[in-house]
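[1] One predicted model, sequence on top.
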Amino acid sequence: MLSGLRKYASLVTVEPSLFLYMFGTFMFYPLLQNMVYSHYSNGAHSDNASNASNASTCGLVSSVSAHTSHFIFYLTLSSILPGALSTLLLGRWSDSSGRKLLMALPAAGAAFNAIVSLLVYKLTWNINILLLGGLGAGLLGSYAMFNQASFAYVADISSAQHRTRRLGILEAMIYLGMTTGSEVGGVWTEQHGYGPPFWGVIVTLILVLAYVVFVVREAPLPQSPSHKVSTRMYMVSILHGFRLFTKPSPQRKSRLVILLAFVFATINFNALIDVTIPYLRDDPFHWQFDVIGHYLALGNFMHGISALAILPGLLHLGLSDITCIQVGIISSMLSLILLGLAQRTWLVFLVPIVGTLRGMVVPCVRANLSKFVKADEHGALFSSIAIVEICCTAIASLIYNNAYPATCSILPSSHGFVFILMSVCLLPPLCMFWWVGRQTPANDAVSVPVDVQDDGLSETDKLLQDSSDDP
């Protein structure tokens, strides 16, 4: 019993830090968005968060939601644009200098952002000061850098054979952290106002910083001479991750199509959080913060179950990464249509269940692309993926925060046409992934170049293989 526990414990690396980071982040962002909603609905901060729900108007979409949606867009830009720059500059650097710093900096930046938000609330400062908190978090890397470093770390210590499974577990930590964070944040805010949850976020992010600094061991770095990047050539080499998609190889076209399809899919996935909260606060739902927290928690929990349990099962049955991606996109399309047409609370709570398999999409894309590159290029690859996700978040926020108020009158019984639009926009990436699957029916077997394949398994992968063989 104890030996079994020690064996599984030895597999744990950055998973707890990623879980806690996402827990704090997704307790913070809904809290911040609801505070902005309260500001525009009441004209001042109210310690009783439920007061904000009484301010919703009876129109298809209130001016409060429109103002909230637009401010959230600027708030998103204040963090993701500098975050993109920081990730681009430091992602390639981490291939030669290690991943820990790139996990520590975003944790410190997120804690700074939470402190600024707490001060804005407690001291009733101008709400625009929140943009400074987002800017500070972005300059230190934001969530994109933390995720990039975590995924690169796990890719460093895992073989191509087990990488999809390992990255799936890591992706599950994101979703489970989001689940508990949004659930705890919603209930805590409803019962105690904004102050205590802000303190909870700050403490959580400080714990993340301590875990990264004192517990996580630096991953072994490749020793090849070509791995070192000179200072003179550094500004050129930061774009190396994007060149990985265009370097000559038999799979170059597939890589580019996967990247383009990932862009389309991510834009629609990342738009949900910005639009869903104002949507559920208005007609016909008028949900309060605790109900929204339950809904977000259920969605993230189902995505986590998909990445942690369903994905390994499908891979064990012989399905390829590309096939799992297609199944996940179809699941997401159906859930978006249901959300756009739903008029009752119980129907809305069916949406995360229908969209469960969406949780397989991102880990499969990451794992598939990582098999195209060498071990000393993981940082550059995941950095470029993080940049793509950041840009997609900005594009999604720009498009859908404006599309939501503009399309609210199209459906007479609700204002959820924007979700049906998202579902339709997922058709192009679905077709692109289908094309990739047709080009490489045995995609997982041929996507790893000879010079990229591992000669053997890492220590953690041997333990992982042993654990999967246990009765």
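    Thanks, I have it. Residues are numbered from 1 along each chain as shown.

[2] any idea how far P196 is from T189?
    P196 sits 9 Å away from T189, going by CB to CB, to the nearest Å. (Glycine included, C-beta is placed from N, CA and C.)

[3] more neighbours, these two?
    Using other CB atoms under 10 Å as the criterion, P196 and T189 rank with T189 on top: 26 against 12.

[4] could you list every residue that touches that one?
    By CB atoms under 8 Å, 6 or more residues apart in numbering, T189 lies in contact with L31, N34, A49, P197, F289, D290, G293.

[5] Need the per-residue pLDDT for M1.
    Looking at M1, its pLDDT reads 52.

[6] nope, L90 is what I was after
    75.

[7] Would you check that it makes contact with F146?
    No. Counting by CB atoms under 8 Å, F146 is not a contact partner of L90; they are 11.5 Å apart.

[8] who has more neighbours, these two?
    F146 (30 against 20).

[9] For the contacts of T189, give me CSV that also has neighbour count and distance to V154.
    Formatted as CSV, these follow (neighbours: other CB atoms under 10 Å; distance: CB to CB, whole Å):
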residue, neighbour count, distance to V154
L31, 27, 29
N34, 26, 33
A49, 25, 37
P197, 27, 30
F289, 27, 34
D290, 18, 34
G293, 26, 29
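
[10] Please name whichever of those residues scores lowest on pLDDT.
    In terms of pLDDT, A49 ranks lowest among the contacts of T189, with 47.

[11] returning to what we had before: helices - which of the contacts of T189 land there?
    Mapping the contacts of T189 onto helices (DSSP state H) picks out L31, N34, P197, F289, D290, G293.

[12] possible to save those as JSON lines with distance to F73?
    Formatted as JSON lines, the ones in helices among the contacts of T189 follow (distance: CB to CB, whole Å):
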{"residue": "L31", "distance to F73": "18"}
{"residue": "N34", "distance to F73": "16"}
{"residue": "P197", "distance to F73": "23"}
{"residue": "F289", "distance to F73": "21"}
{"residue": "D290", "distance to F73": "26"}
{"residue": "G293", "distance to F73": "22"}
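
[13] Pick the one among those closest to T246.
    Nearest to T246, judged by CB to CB, of those is L31 at 41.4 Å.

[14] wait, doesn't the closest one sit right on F198?
    Yes. Counting by CB under 8 Å, L31 touches F198, with 7.0 Å between them.

[15] which residues in this structure form strands?
    With DSSP state E as the definition, the chain shows no strands.

[16] Pick out the least confidently modelled helix or strand of it, by mean pLDDT.
    Among the helices and strands of the chain, helix 443-446 carries the lowest confidence by mean pLDDT, DSSP states H and E, at a mean of 41.

[17] ok, of the ones in helices among the contacts of T189, which one's closest to K122?
    P197 (12.7 Å).

[18] can you pull the contacts of the residue nearest to T356 when sequence neighbours are not counted?
    For T356, ignoring the flanking residues on the chain, the nearest one in space by CB to CB, 6 or more residues apart in numbering is M302 at 4.2 Å. Listed by CB under 8 Å, 6+ apart, the contact partners of M302 are P352, I353, G355, T356, G359.

[19] From these, which land in helices?
    Short answer: the contacts of M302 in helices (DSSP H) are P352, I353.

[20] what's the lowest-pLDDT member of the contacts of M302?
    Where pLDDT dips furthest among the contacts of M302: G359, at 89.

[21] Isn't that residue up against H303?
    Yes. Counting by CB under 8 Å, G359 touches H303, with 3.2 Å between them.

[22] tell me, what's touching these two both at once?
    Common neighbours of G359 and H303 (criterion: CB under 8 Å, 6+ apart): Y175.

[23] Need phi/psi at Q288.
    Backbone torsions of Q288, given as degrees, to the nearest 10, read phi -90, psi 170.

[24] That one and G133, how far apart?
    25 Å.

[25] Among these two, which residue is more densely surrounded?
    Remark: of Q288 and G133, G133 carries more neighbours, 24 against 19, as counted by other CB under 10 Å.

[26] and the residue nearest to that one when sequence neighbours are not counted, what is it in contact with?
    Excluding its sequence neighbours, the residue lying closest to G133 (CB to CB, 6+ apart) is V116, at 3.2 Å. Residues near V116 by CB under 8 Å, 6+ apart: I129, L130, L132, G133, G136.

[27] again, but for A66
    Per CB under 8 Å, 6+ apart, neighbours of A66: P405.

[28] Do you know the pLDDT at it?
    On the pLDDT scale, A66 gets 70.

[29] my read: S41 touches H67, true?
    No. In this structure, S41 is not within contact of H67 by CB under 8 Å, at 9.1 Å.

[30] Please identify which of the two sits among more neighbours.
    S41 (23 against 17).

[31] Report the separation between P30 and L75.
    P30 is 13 Å from L75, by CB to CB.

[32] before we move on, what about Q326?
    Taken as CB to CB, the span from Q326 to L75 is 34 Å.

[33] where do the helices sit along the stretch 251-400 of the chain?
    For the stretch 251-400 of the chain, helices defined by DSSP state H, counting those that start in this stretch occupy the ranges 252-270, 272-281, 289-305, 311-316, 321-341, 345-348, 351-354, 361-370, 378-407.

[34] So which of the ones you listed is the most surrounded?
    helix 361-370 (a mean of 26; mean count of other CB atoms under 10 Å).

[35] on that earlier part again, from T76, how far out is the residue nearest to G133?
    16 Å.

[36] hey, where'd the helices end up in the stretch 101-250 of the chain?
    Counting by DSSP H, counting those that start in this stretch, the helices of the stretch 101-250 of the chain are 130-139, 142-157, 163-192, 195-214, 234-237, 240-243.

[37] Where among those helices is average confidence lowest?
    What stands lowest among the helices of the stretch 101-250 of the chain, in mean pLDDT terms, is helix 234-237, with a mean of 50.

[38] pLDDT value on the nearest residue to L139 once chain neighbours are set aside, please?
    Leaving aside its chain neighbours, L139 sits nearest to P82 (4.7 Å; criterion: CB to CB, 6+ apart). pLDDT for P82: 85.

[39] Tell me, how many residues neighbour P82?
    21.

[40] Quick check, it in contact with L135.
    Yes. P82 is within contact range of L135, at 6.1 Å (criterion: CB under 8 Å).

[41] Surely A265 is in contact with S423, unless I've mixed up the numbering?
    No. Counting by CB under 8 Å, A265 sits too far from S423 to count as a contact (11.7 Å).

[42] picking up where we left off before, filter the contacts of V116 to the buried ones?
    Buried by 16 or more other CB atoms under 10 Å: L130, G133, G136, out of the contacts of V116.

[43] Any chance of TSV for those residues, columns distance to L339?
    As requested, these are exported to TSV (distance: CB to CB, whole Å):
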residue	distance to L339
L130	28
G133	30
G136	34
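
[44] quick one: which of those residues is nearest T276?
    Nearest to T276 among the buried ones among the contacts of V116, with distances taken as CB to CB, is L130, at 20.0 Å.

[45] Enumerate every residue touching that closest one.
    L32, V36, L75, V116, S117, V120.
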